[in-house]
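In: quick one, structure for this:
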Amino acid sequence: MRNATVGETRVRGLVLGAALGDAAGVVRGRWPTEGPLRIGVGTQLAAFTVEGAIRASVRMDHKGICHAPSVIWHAYCRWAFLQGIEPEWFSERWTHGRDDRWPDGWLARVPALRERRGSAPATVAALTGLTQGTPTKPVTGSRGAHALTRGLALGVLHHLSGPTGCAAAVRETAALTHGAPEAQEAAVAAAGLVAHCLAEDDPFRTWTASRVGEEHPIDALVRPPAMPHPAGPDPVLDLLKAPGAVADHGQLAWIAPDATASSALLGALLVVSRFPGRDTVDAALRFAAGAPDGSSVAATAGALLGAAHGVDALPVELLSRLELGWVLDTLARDLLQQYVDSPGGGEYLPARDPHWWERYPGW
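Out: Here you go, the predicted model:
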């Protein structure tokens, strides 16, 4: 049994907070009074990222060897097939013309994942090219936010397994479809921030507090060349170092001007600096949704707030209407269970759950 150092409520908050933020972006922060809250394509991809991470761990337990980004690539292929994107290509690629049941695993049987919920051009371009990108051999030059938002839950692995190996896996997962180094760097930084939120009792205090003469905790995020902003790092840091300041939509549009991974991260940092508390999550998501690319900023902010405060801090009247809410909650629980307890057993360990491999085949 692995060492459990993170609570289930925070992992659930992370996954569901990201999805609720995505849903806020879909409606630009103006929640409908009734009916389901639709998620965007970013949440669909996030669901398959989590499933791929679980299946990668299952494979490691049973085979003793695994390249996790390749297993996550396979998960994205299942998403594309369900979306009707070149289904014959993907079926032939993964069954080699055999009569095997594919796509497999329980997630592929969720009807809502067949519904179109927006576009993911870089992901689709890479998948239909049938070639996995790598940090050194990119297949697109995309800087898009999906490189970050779909992998936010990988911060759980960053927290449980340590930053070194996880950072490489997060970077490679982003690089599968997004070739710009700054997008990959933002994805790695976001995973680290999620891990920080999962681990600390009051994570936002350390982001916004520093002693005179000391480097601010977020300096290292903003100053590297891979986290660019047209104005340069100093004005960005000045804005982020003003905790408790009035939430200003003009400042949000300035710091997060587009649909890039860098904007998603910087915008989310501004949001949590203005709305750090567990009782202001709804206000934070509504504010974040007003960014030029509201879904990516709100999803990232929702993940950070959910990881920091737990699922109970998310507004239940919204969460109860969230599309794929049960699916995402199940994935969050199973992700933690797999990495802490290995219910499917392994090469030398019998399975406690005999159906785990059927749910999460290790490939």
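
In: contacts only, for the nearest residue to residue 302 once chain neighbours are set aside.
Out: Sequence neighbours aside, residue 21 is the residue nearest to residue 302 in space, at 2.8 Å (criterion: C-beta to C-beta, 6 or more residues apart in numbering). For the C-beta atoms, the positions are set from N, CA and C on the backbone; glycine is no exception. Going by C-beta atoms under 8 Å, 6 or more residues apart in numbering, residue 21 touches 285, 288-289, 295, 297-303.

In: you'd agree residue 21 is in a strand?
Out: No - under DSSP: H, G, I helix; E, B strand; the rest coil, residue 21 falls outside any strand and is assigned helix.

In: what does the pLDDT read for it?
Out: pLDDT recorded at residue 21 is 98.

In: roughly how far apart are it and residue 52?
Out: Separation of residue 21 from residue 52 (C-beta to C-beta, to the nearest Å): 21 Å.

In: for residue 345, same thing?
Out: Residue 345 is 20 Å from residue 52, by C-beta to C-beta.

In: which positions in stretch 332-352 come out as buried?
Out: For stretch 332-352, a neighbour-count test (16 or more other C-beta atoms under 10 Å) marks 332, 334-340, 342-346 as buried.

In: name the surrounding residues that touch that stretch.
Out: By C-beta under 8 Å, 6+ apart, stretch 332-352 touches 1-4, 6, 8, 11-12, 14-16, 50, 53-54, 57-58, 61-64, 153, 156-157, 160-161, 353, 356-357, 359-360.

In: inside helices: which ones of those residues?
Out: 8, 11-12, 14-16, 50, 53-54, 57-58, 61-63, 156-157, 160-161, 356-357, 359 (DSSP state H).

In: my guess is residue 297 contacts residue 288, does it?
Out: Yes - with contacts counted by C-beta atoms under 8 Å, residue 297 reaches residue 288, the gap being 4.7 Å.

In: mutual contacts of the two, please.
Out: 21, 25, 252, 267-268, 271.

In: can I get those in a markdown table including distance to residue 245?
Out: Output for the shared contacts of residue 297 and residue 288, formatted as a markdown table (distance: C-beta to C-beta, whole Å):
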| residue | distance to residue 245 |
| --- | --- |
| 21 | 21 |
| 25 | 23 |
| 252 | 12 |
| 267 | 15 |
| 268 | 16 |
| 271 | 12 |
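
In: and the ones in helices among the contacts of stretch 332-352, which of them are buried?
Out: Counted by 16+ other C-beta under 10 Å, these give 11-12, 14-16, 50, 53-54, 57-58, 61-62, 156-157, 160, 356-357, 359 as buried.

In: which residues touch residue 169?
Out: 68-69, 154, 157.

In: any idea which helix or strand in the protein has the lowest mean pLDDT?
Out: When each helix and strand of the chain is scored by mean pLDDT, DSSP states H and E, helix 203-208 comes last, with a mean of 73.
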